[in-house]
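Trainee: I'd like to go over a predicted model; first the sequence, then the structure.
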Amino acid sequence: MVIPVPFISNCHLVPNDQTFKTDPPSTKSKVGIVKRVISTVETVAATAMVLRRVSRDYLPVEFRREFRREFEKYIATNVLNKFSNQFTMVFNEFDGYSDNEIYNAAQLYLSTRISSEVRRVNVTKNPNKQQFNVAMEINEEYTDVYNGVHFTWSLLSKQLQSDDRYGRTDIRSLELTFHQKHKDFVLNSYLPYIINTSETHKQNKRTVKLFTLEGSYWKSVKLDHPATFETVAMDAGVKEMLVKDLDRFVERREHYRKVGKAWKRGYLLNGPPGTGKSSLIAAITNYLKFDIYDLDLNDIYSNSELRRVLLGTANRSILVVEDIDCSVELHDRGAQTYNNNGKLTLSGFLNSIDGISSSCGDERIIIFTTNRNEVLDPALVRPGRMDVHIHMSYCTPCALRVLVSIYLSVTEHDLLEDNDELICHVDVTPAEVTEQHLVDEDPDIALGGLVEFLDAKRKKNEEAKARLEEKEELAAKESEKKQQKKLKKAVAKKSEKKQQDQWNRQLDK
Ligand SMILES: Nc1ncnc2c1ncn2[C@@H]1O[C@H](COP(=O)(O)OP(=O)(O)OP(=O)(O)O)[C@@H](O)[C@H]1O
């Protein structure tokens with residue numbers, strides 16, 4: 001698979017020497033350089049001695065180390081680099097509100113390259129995974145060799161004020177240092193190679209991230225949801241159609257370019273609670289290995305905030321708005337449709353959704369879920385926005401078989417037919433069925449329990465239906481009585497009037 005290489009714009013180029021000399025220096029200029037070096041070294045040495053003395057006499061012990069490190073850094077960047085032909089590129093962790101793709105790619109790439117020469121590494125572990133994640137540690141350096149060229153990477157951290165409103169304690173950056181003559185080689189070959197390698201690594205490692213909003217920033221955790229297309233019980237034909245649709249979508253980069261359409265696809269999942277909408281989203285995420293951005297519109301207070309938040313999402317990702325019918329009242333396009341201060345509107349929402357994908361995004365999937373399809377504004381779910389509508393239904397015999405084979409590891413059982421029969425007459429969600437299956441691992445007990453559960457539910461439904469019918473019958477009788485009473489009253493009134501008119505006529509005669 002060819003992975004597209006994004007335009008690399010989020011790195012700063014920092015020449016360590018402002019003037020790039022290409023001709024060899026003359027003897028005279030060499031003497032000049034030597035004199036300058038000697039004089040600089042003398043000045044630095046004298047300054048260092050004074051500072052050392054001052055720091056020893058006046059600075060508390062805990063500050064000395066920090067002071068020394070800063071001083072060494074200053075000397076390295078401002079003095080020694082003056083005579084160096086090294087070049088440094090800085091990759092900041094964030095680019096405005098967005099993650100910096102090249103920073104993330106380099107982090108991942110370096111985690112695969114860490115060797116025994118590195119003295120300190122950062123190690124993490126996900127609760128449900130066996131392997132450890134090893135990454136570069138702050139202030140550590142690592143040398144990478146690519147096509148015979150040596151590159152030095154270092155990870156730096158800048159502490160933020162503790163009252164940072166987004167809860168960050170530091171902002172990180174990676175610095176890449178190499179001989180200045182390789183500048184073009186780095187931009188055209190090394191960085192694209194890093195992006196491709198990190199994408200491949202991501203695909204192989206099958207790790208996806210779940211982003212949620214904290215203030216205006218997306219915060220991520222590794223998503224470890226076990227749902228796959230095999231474990232989601234739904235209509236087999238719909239499932240097959242969905243998988244094909246997703247495959248087609250990721251392969252059609254050139255098609256979207258050719259027809260001038262944004263490379264995005266919208267899916268609307270509707271169905272009662274507990275029918276597997278969230279499980280299906282997790283299955284899609286695990287299948288595509290796209291990161292997922294979970295957007296709660298109740299956290300958004302204005303159109304401009306929404307736009308900013310959406311601009312912070314990355315390519316090859318899924319934006320999910322669950323229960324869109326409940327988030328905000330998105331059903332009257334002309335009206336102010338939100339909320340405390342009335343600033344988030346349906347048209348603003350639609351513009352933002354279309355805006356991100358059309359202008360700055362590639363390979364975006366948008367998924368809305370709802371329990372009440374009928375209240376959604378047609379503009380929200382029209383083709384082009386929500387291209388595929390999927391109904392997640394109550395459990396069917398086919399879905400029951402999938403659940404039974406997953407939870408109880410059986411495909412045939414005498415009690416299955418009894419359950420099939422009942423399931424056709426009772427509205428039961430897959431969530432309710434899985435609850436029954438979790439009761440016991442023994443298929444006899446679990447399926448027997450399910451028959452009892454469904455039977456009890458059927459009886460309850462029938463009783464409720466009978467009660468409803470009785471109530472409706474009573475109400476109908478009551479209304480008929482009222483109608484007759486009304487009619488009688490009207491007839492009596494009419495005949496009274498008629499009589500009155502007759503008397504009046506007789507009196508007139
Ligand atoms: N179709 C399904 N296939 C497999 N498991 C399911 C299915 N539907 C529900 N479940 C089980 O029920 C649990 C709840 O389902 P899920 O959260 O996916 O439903 P939902 O439709 O998103 O509900 P809600 O609308 O309340 O968010 C899941 O964790 C899963 O165990």
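Mentor: Here it is on my side, so go on. Residues are numbered from 1 along each chain as shown.
Trainee: could you use CA atoms for every contact and neighbour count after this?
Mentor: OK.
Trainee: got a list of what the residue lying closest to K289 once chain neighbours are set aside touches?
Mentor: Sequence neighbours aside, V208 is the residue nearest to K289 in space, at 5.8 Å (criterion: CA to CA, 6 or more residues apart in numbering). Residues near V208 by CA atoms under 8 Å, 6 or more residues apart in numbering: K222, L223, D224, T285, N286, K289, F290, D291, I292.
Trainee: can we see that at 10 Å?
Mentor: Residues near V208 by CA atoms under 10 Å, 6 or more residues apart in numbering: 202, 220-225, 285-286, 288-292, 317.
Trainee: and these, which of them are buried?
Mentor: K202, S220, L223, D224, T285, N286, L288, K289, F290, D291, I292, S317 (16 or more other CA atoms under 10 Å).
Trainee: next helix or strand past the stretch of helix or strand the first one belongs to?
Mentor: When secondary structure is defined by DSSP states H and E, K202 falls within helix 191-205. Using DSSP H and E, the helix or strand that follows helix 191-205 in sequence is strand 208-214.
Trainee: sorry, back to before: chain center to the helix holding K202, what's the gap?
Mentor: Averaging C-alpha positions (CA atoms, centre = their mean, to the nearest Å) puts helix 191-205 20 Å from its chain's average.
Trainee: next: stretch 382-392.
Mentor: Worked out by CA atoms, centre = their mean, stretch 382-392 lies 19 Å from the chain centre.
Trainee: which of the residues in that stretch are buried?
Mentor: Those buried within stretch 382-392 under the rule 16+ other CA under 10 Å are R385, M386, V388, H389, I390, H391, M392.
Trainee: wait, does that stretch contact the ligand?
Mentor: No: remark: stretch 382-392 sits outside contact range of the ligand, by CA under 6 Å from any ligand atom, the gap being at least 7.2 Å.
Trainee: give me the mean pLDDT for that stretch.
Mentor: Throughout stretch 382-392, pLDDT has a mean value of 89.
Trainee: show me which residues of the protein sit near the ligand.
Mentor: Going by CA under 6 Å from any ligand atom, the residues of the chain near the ligand are 231-234, 273-279, 430-431, 434.
Trainee: possible to save these as JSON lines with neighbour count?
Mentor: Below are these laid out as JSON lines (neighbours: other CA atoms under 10 Å):
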{"residue": "T231", "neighbour count": "16"}
{"residue": "V232", "neighbour count": "21"}
{"residue": "A233", "neighbour count": "25"}
{"residue": "M234", "neighbour count": "25"}
{"residue": "P273", "neighbour count": "17"}
{"residue": "G274", "neighbour count": "17"}
{"residue": "T275", "neighbour count": "24"}
{"residue": "G276", "neighbour count": "22"}
{"residue": "K277", "neighbour count": "25"}
{"residue": "S278", "neighbour count": "16"}
{"residue": "S279", "neighbour count": "19"}
{"residue": "P430", "neighbour count": "24"}
{"residue": "A431", "neighbour count": "16"}
{"residue": "T434", "neighbour count": "17"}
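Trainee: confidence score at the closest residue to the ligand within the stretch 351-500 of the chain?
Mentor: Residue nearest to the ligand within the stretch 351-500 of the chain: A431 (3.4 Å; CA to the nearest ligand atom). What the model reports as pLDDT for A431 is 92.
Trainee: could you find the closest non-adjacent residue to it?
Mentor: Per CA to CA, 6+ apart, closest to A431 is G274, 5.0 Å.
Trainee: pretty sure that neighbour sits against L280.
Mentor: No: using CA atoms under 10 Å, G274 makes no contact with L280, being 11.4 Å away.
Trainee: what's the overlap in contacts for these two?
Mentor: With CA under 10 Å, 6+ apart as the test, G274 and L280 both reach M392.
Trainee: so which elements touch the strand or helix carrying Y407?
Mentor: Applying DSSP H and E as the criterion places Y407 in helix 397-408. Judged by 3 or more CA pairs under 10 Å, 6 or more residues apart in numbering; DSSP states H and E, the packing partners of helix 397-408 are helix 236-251, helix 414-423, helix 430-437, helix 443-508.
Trainee: least confident of the ones you listed, on average?
Mentor: For the helices and strands packed on helix 397-408, where the average pLDDT is lowest is helix 414-423, sitting at a mean of 78.
Trainee: picking up where we left off before, okay, the buried ones among the contacts of V208 in CSV with pLDDT and secondary structure next?
Mentor: What follows is those, written out as CSV (pLDDT from 0 to 100; DSSP: H, G, I helix; E, B strand; the rest coil):
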residue, pLDDT, secondary structure
K202, 75, helix
S220, 84, strand
L223, 85, strand
D224, 82, coil
T285, 93, helix
N286, 91, helix
L288, 91, helix
K289, 88, coil
F290, 90, coil
D291, 89, strand
I292, 94, strand
S317, 90, strand
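Trainee: of all the residues you listed, which two lie farthest apart?
Mentor: Farthest apart among those by CA to CA are S220 and L288. That separation is 17.9 Å.
Trainee: which residues touch stretch 419-433?
Mentor: 232-234, 271-276, 392-401, 403-404, 416-417, 436-437, 446-448, 450-455, 457-459, 461-462.
Trainee: what sits against the closest residue in space to R316 that isn't next to it in sequence?
Mentor: Nearest non-adjacent residue to R316, counting by CA to CA, 6+ apart: E363, 4.8 Å away. Residues near E363 by CA under 10 Å, 6+ apart: 249-253, 256, 262-265, 290, 314-318, 357.
Trainee: how does it look with 6 Å?
Mentor: Residues in contact with E363 (CA atoms under 6 Å, 6 or more residues apart in numbering) are W263, K264, N315, R316.
Trainee: secondary structure class for the residue nearest to A431?
Mentor: Under DSSP: H, G, I helix; E, B strand; the rest coil, G274 falls in the coil class.
Trainee: from L450, how far off is it?
Mentor: Plainly put, G274 is 17 Å away from L450 if you go by CA to CA, to the nearest Å.
Trainee: and C395, helix, strand or coil?
Mentor: Quick answer, by three-state DSSP: C395 is coil.
Trainee: which pLDDT value goes with it?
Mentor: 88.
Trainee: and the residue nearest the centre of this structure?
Mentor: In the chain, the residue lying closest to the centroid (CA atoms, centre = their mean) is Y293, at 1.7 Å.
Trainee: hang on, isn't that residue packed against L319?
Mentor: Yes: Y293 lies in contact with L319 (CA atoms under 6 Å); the separation is 4.8 Å.
Trainee: where along the stretch 1-150 of the chain do the helices fall?
Mentor: 27-58, 61-74, 101-111 (DSSP state H, counting those that start in this stretch).
Trainee: confidence score at F368?
Mentor: For F368, the predicted pLDDT is 93.
Trainee: what does I194 give?
Mentor: 95.
Trainee: try N126
Mentor: Predicted confidence (pLDDT) for N126: 69.
Trainee: now swap in D163 and tell me
Mentor: Each residue has a pLDDT score; the one for D163 is 54.
Trainee: next, give phi and psi for whichever residue of the stretch 251-400 of the chain sits closest to the ligand.
Mentor: Closest approach between the stretch 251-400 of the chain and the ligand, counting by CA to the nearest ligand atom: G276, at 3.1 Å. In terms of degrees, to the nearest 10, the main-chain angles of G276 are phi 100, psi 20.
Trainee: good, we can wrap up now.
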